[in-house]
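Give me a 3D structure for the following:
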Amino acid sequence: MRTCRGRAYRDSTGKWWCVTERPCRESDPPDMTCLIFMSDNAARRVLDFPPDWRTRSAADLEAIGWRR
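Coordinates of the predicted model:
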């Protein structure tokens with residue numbers, strides 16, 4: 001995995017993920033942010049996430065990463 005400028009964690013299958021909080025799309029409200037989960041071969045965008053995501057466990061992040 002490349003350098004992660006957010007929070008890196010390993011999921012239950014052993015895959016490394018990098019999570020960053022970024023502004024959402026231009027069509028969303030201007031102050032809305034989303035979490036971007038990126039691995040070597042996948043990416044996910046999560047709109048509904050807890051404000052303390054940076055301090056959550058790897059298991060919690062894995063569960064959050066499957067939200068829509």
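
what stretches of this protein score poorly on pLDDT?
Along the chain, segments meeting pLDDT under 70 span 1, 28, 68.

all helices of it, in order?
Under the criterion DSSP state H, the chain contains helices at 58-65.

Check it for its longest strand and report it.
Assignment by DSSP state E gives strand 16-23 as the longest strand of the chain.

Give the buried residues for that one.
Buried residues in strand 16-23, counted by 16 or more other Cβ atoms under 10 Å: Trp17, Cys18, Val19. Just so you know, the C-beta spots here come from the backbone N, C-alpha and C atoms, and that holds for glycine as well.

Repeat that for stretch 55-67.
Neighbour-count burial for stretch 55-67 flags Arg56, Leu61, Glu62, Ile64, Gly65 (criterion: 16+ other Cβ under 10 Å).

Looking at the residues you listed, which is nearest Ala8?
Distance to Ala8 across those (Cβ to Cβ) is lowest for Leu61, with 9.8 Å.

I'd like the buried residues of strand 16-23 written out as JSON lines, with distance to Cys4 added.
JSON lines is the format used below for the buried residues of strand 16-23 (distance: Cβ to Cβ, whole Å):
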{"residue": "Trp17", "distance to Cys4": "8"}
{"residue": "Cys18", "distance to Cys4": "4"}
{"residue": "Val19", "distance to Cys4": "8"}
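
now, which of those residues sits nearest Ala8?
Within the buried residues of strand 16-23, the smallest distance to Ala8 is 5.3 Å, found for Cys18 (Cβ to Cβ).

Next, count neighbours for the closest residue to that closest one other than its chain neighbours.
Spatial nearest neighbour of Cys18, excluding adjacent residues (Cβ to Cβ, 6 or more residues apart in numbering): Cys4 at 3.6 Å. Residues near Cys4, counting by other Cβ atoms under 10 Å, number 14.

Report whether the expected contact of Gly65 with Ser39 is present.
No - with contact defined as Cβ atoms under 8 Å, Gly65 does not count as touching Ser39 (9.5 Å).

Quickly list what's touching both of the two.
Common neighbours of Gly65 and Ser39, using Cβ atoms under 8 Å, 6 or more residues apart in numbering, are Trp17.
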